[in-house]
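S.K.: From the sequence below, what's the structure:
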Amino acid sequence: MTDASTFPDPTYRDTVLAPLFEGVKAHYAGHMAAINRAHLVMLAETGILPPGEARAIAGALRDIDAETDVAALRYTGEHEDYFFLVEAELRRRLGDLGGALHTARSRNDMDHTVFKMALRGRASDLLARVLHLAGRLIDKARAEADTLVVAYTHGQPAQPTTFGHYLGAVIEVLLRDAARLEAAIDGLDHCPMGAAAITTSGFPIDRPRVAALLGFDGPLLNSYGCIASVDYVTGLYSAQKLVFLHLGRVIQDLQFWSAFEVGQLYVPNSLVQISSIMPQKRNPVPIEHMRHLASVTVGRCDMVVNTMHNTPFTDMNDSEGEVQQAGYAAFDSGARVLDLMAAMLPACSIRADRVRANMDAACVTITELADTLVRDEGLSFRQAHEVAARTARAVIARSSSLGAGFDAFTAAFEEVAGRPATLTEAAFVQAVAPETFVARRDRPGGPAPAALAAALDGYGATAAALAARQSRREDRYRSANAALAEAFETMLER
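M.R.: Predicted structure coming up:
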């Protein structure tokens, strides 16, 4: 059987190869150049290539990099992809020697190394934005440590706390997400180079040297895993997803708190759009944009992870160019959420009048009355709970504030306890004041000033430790770039 067709088929070229080529131009070309140089340095240092041949290849690589306008390249189908374009140019300049650069390596280990290098830059930037947001929230929480808010459960007013205490909860989750993201970056820090296609090489390659020149912490050990185990992808996008899934819940609270009927969160005019037809409407639409961008980011992360589902445990295109390029959009939309939240949330304020009105209307301090009755009146908690419940029902029925409900309290107490209360009206008013409620919640993790201050100090230390670890990574990347440049130049001079 004869086949007169030639590669690539025009449709395959236009639907697969050309888009992949454009992605390589945008995302990978610089990383591939670094891999070429690092691999060549290793081939020369191990004696796999003689000094003269290595020097000739180095000079050609240098000239190709200097003379090629990658952004202007257009895919013609003459070469399968960017890798083959560079190799063809080497062979054009050097003859058969141009093919020697590919000794002891494969596109398999090169591809996954490129992907990791591209991802670690994006992941590092994302982590920096997460930590920046955490820092902004810590500052805001300190400033709002005494600012009362109504805390809600099941969509209903529950208890008083402070805005700083609420933000502390947000910060804790954000820092745990940052730690998960930082751990996922660890999964990018081991180099696949030297695995070749599957089983390493019969040449005496120096895998740690290439890893170091490319800024990795070391080589990824199992060569089969280097080209088959895509957990560096699934782990990273899973960790990224959680950042925005969790922030999405906070964003939903911001929407609820800023609603006219609740109104405890004030969004400044700079972040409010006015209706085109209803002049009274203040629409805090940045909250909506954060919410849908967070959801889009979650969806994009799921897309990447789900693409890996039920794929074979080997090198396969499902984990490579198409999905890698598509996944970068998650970093873009996620960055927009983090930047907007870091600007918006610190700019918002709490409307004390609306908080006080909602507290009065919903009797949110009534739990402290029950606690006080247990401590000071010797009631069981269930008795105290019943007295507090009857008091709250009476106060709410007459649309009064709890602080004005001493008569309702004394009647409820006598009905349940069978005796008059010893609690004075002044002590009652103090017990149901929101400031008292907060001040008495002084256990670790509570909203009282000392407890919250200690927690915020701890959050700051955690964020600083995460930032320091990431800074050390970035120092390693920079040092590796300098070491690679020096080794490459030394090779050119030999």
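
S.K.: got the phi/psi numbers for residue 265?
M.R.: phi -110, psi 130 (degrees, to the nearest 10).

S.K.: now swap in residue 153 and tell me
M.R.: According to degrees, to the nearest 10, residue 153 has phi -130, psi 140.

S.K.: Could you tell me how many residues sit around it?
M.R.: For residue 153, the neighbour count with other Cβ atoms under 10 Å is 8. No exception for glycine: its C-beta is placed from N, CA and C like everyone else's.

S.K.: bridging residues for it?
M.R.: Counting by DSSP bridges, residue 153 forms beta bridges with residue 156.

S.K.: what about it, distance to residue 96?
M.R.: Note on residue 153: its distance to residue 96, by Cβ to Cβ, to the nearest Å, is 74 Å.

S.K.: Check residue 163 too.
M.R.: Separation of residue 163 from residue 96 (Cβ to Cβ): 71 Å.

S.K.: same check, this time on residue 301
M.R.: Noted for residue 301: a distance of 46 Å to residue 96, by Cβ to Cβ.

S.K.: of the two, who's got more company?
M.R.: residue 301 (26 against 7).

S.K.: Apart from its chain neighbours, what residue comes closest to the more buried one?
M.R.: The shortest distance from residue 301 to any non-neighbouring residue, by Cβ to Cβ, 6 or more residues apart in numbering, is to residue 241 (3.7 Å).

S.K.: OK, contacts around that neighbour?
M.R.: 297-298, 301-302, 305 (Cβ atoms under 8 Å, 6 or more residues apart in numbering).

S.K.: what about it, which helix or strand?
M.R.: Assessed by DSSP states H and E, residue 241 sits inside helix 231-257.

S.K.: what's the average pLDDT for that helix?
M.R.: Mean pLDDT, computed over helix 231-257, is 97.

S.K.: in it, what counts as buried?
M.R.: Neighbour-count burial for helix 231-257, counted by 16 or more other Cβ atoms under 10 Å, picks out 232-248, 250-251, 254-255, 257.

S.K.: how far out from the middle of the chain is the helix or strand just after it?
M.R.: As assigned by DSSP H and E, the chain's next helix or strand after helix 231-257 is strand 265-266. Per Cα atoms, centre = their mean, to the nearest Å, the displacement of strand 265-266 from the mean C-alpha position of its chain is 26 Å.

S.K.: can you give me phi and psi for residue 282?
M.R.: Torsion angles, degrees, to the nearest 10, at residue 282: phi -100, psi 110.

S.K.: and if you look at residue 293?
M.R.: In terms of degrees, to the nearest 10, the main-chain angles of residue 293 are phi -70, psi -40.

S.K.: What segments of this protein are strands?
M.R.: Ranges of strands in the chain, per DSSP state E, are 148-153, 156-162, 190-191, 218-219, 265-266, 273-274, 282-283, 349-350.

S.K.: Direction included, what does the third one pair against?
M.R.: Think strand 190-191. strand 218-219 (parallel).

S.K.: Run through the protein and note the low-pLDDT ranges.
M.R.: Judged by pLDDT under 70, the chain has its weakly predicted residues at 1, 28.

S.K.: Fine by me, we can end here.
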